[in-house]
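Student: Got a sequence here, can you build the structure:
(one chain, ligands or ions: 2)
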Amino acid sequence: MSEYLLEVRNLHARVEDGEESILNGVDLVVRAGELHALMGPNGSGKSTLAKVIAGHPSYEVTAGDVLLNGENILEMEPDERSRAGVFLAFQYPAEIPGVSISNFLRTAVNARRSEEEGDVGVLDFQRQLTEKLKLLRVDPSFAGRHVNDGFSGGEKKRNEILQMAMIEPLMAVLDETDSGLDIDALRIVSDGVNTLRRERPEMGVLMITHYKRILGYLEPDHVHVMLGGKIVQSGGPELADQLEEMGYDWLSEPEPQPVA
Ligand code: ADP
Ligand code: MG
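Tutor: Residues are numbered from 1 along each chain as shown. Ligands and ions are numbered 1, 2, ... in the order given. Okay, here's the model as predicted:
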């Protein structure tokens, strides 16, 4: 067992075939059970970091490492990373009209199972889904609705949290929209994350957020600020208060770097 659940070491990345580097040496370690908040202004590279950790094909890593429990995951396909325990909640979840949440979740659960394990049994799946709906206090009728089809912001978040509950990741990366998370959606995410952390205390969480508001409900162990594709400041929850008061201007951007 490695000391760290997630280790990001000197990570540099750019858009596939892009000219400019977006991540310029990110260092971040998360221990099992910790919740880290990643803040920073628009365009600082937060979503790119999340996508690179998950293995999004649009990005190319030019230097550095990402380890999960001491194992390098950069050579893994996105589905292998998911099987290894990485979960990414998208900032802009897709609408999939015609597919029920229940079917969507079953596909997600099956995609994570190895060939030897095979697909989850229908009854097992139902039992698990019922249990998670109850845990998260979600009305069972929700599972019959079509994925994100006409969903409110809060309902999209509820689907995301339910997916996270079903998949039981080791390391959850949650990328919150930089705007328009209403109070309802905020509570769904924070209550959901808190409930799932109590249920599975070993899970690590990286919460990406533009605003301090959600951190009032989540009590992060560590807060980081990203600027210009690099973490330029780390601290405890008091750092979020400081940012609220002083903005990001007092922190200096790293020098722009040519692509390695
Ligand atoms: P944040 O989530 O902190 O707002 P992003 O990671 O979305 O920042 O973006 C960081 C920078 O990288 C921005 O300048 C953005 O335009 C650029 N970028 C990110 N993804 C792409 C992409 N697929 N193609 C082109 N530019 C991108
Ligand atoms: Mg973003």
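Student: Going by C-alpha atoms from here, please, whenever you check contacts or count neighbours.
Tutor: Fine.
Student: Give me the phi and psi angles of the spatially closest residue to His56 that is not a sequence neighbour.
Tutor: Nearest-residue entry for His56: Pro78, 6.9 Å, with adjacent residues in sequence omitted and distances by Cα to Cα, 6 or more residues apart in numbering. Backbone geometry at Pro78, expressed as degrees, to the nearest 10, gives phi -50, psi -40.
Student: what secondary structure does Gln242 sit in?
Tutor: helix (DSSP: H, G, I helix; E, B strand; the rest coil).
Student: what about His12, neighbour count?
Tutor: Residues contacting His12 under the criterion other Cα atoms under 10 Å number 25.
Student: Counting by contacts, list what whatever helix or strand it lives in packs against.
Tutor: When elements are assigned from DSSP states H and E, His12 belongs to strand 6-15. Contacts defined by 3 or more Cα pairs under 8 Å, 6 or more residues apart in numbering; DSSP states H and E place strand 6-15 against strand 21-30, strand 59-68.
Student: Can you give the strand pairings for it, parallel or anti for each?
Tutor: The partner list of strand 6-15 in its sheet, established with DSSP bridges, is strand 21-30 (antiparallel), strand 59-68 (antiparallel).
Student: Now mean pLDDT, mean neighbour count and distance to Tyr217 too, for those, in CSV please.
Tutor: Formatted as CSV, these follow (pLDDT from 0 to 100; neighbours: other Cα atoms under 10 Å; distance: least, Cα to Cα, whole Å):
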stretch, mean pLDDT, mean neighbour count, distance to Tyr217
strand 21-30, 98, 22, 20
strand 59-68, 97, 18, 27
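Student: any chance of the ones you listed in JSON lines, plus distance to ligand 1?
Tutor: Shown next, in JSON lines, are the strands paired with strand 6-15 (distance: least, Cα to the nearest ligand atom, whole Å):
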{"stretch": "strand 21-30", "distance to ligand 1": "5"}
{"stretch": "strand 59-68", "distance to ligand 1": "7"}
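Student: Tabulate these in JSON lines, adding columns for distance to Leu135.
Tutor: Listed next are the strands paired with strand 6-15 as JSON lines, based on distance: least, Cα to Cα, whole Å:
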{"stretch": "strand 21-30", "distance to Leu135": "26"}
{"stretch": "strand 59-68", "distance to Leu135": "27"}
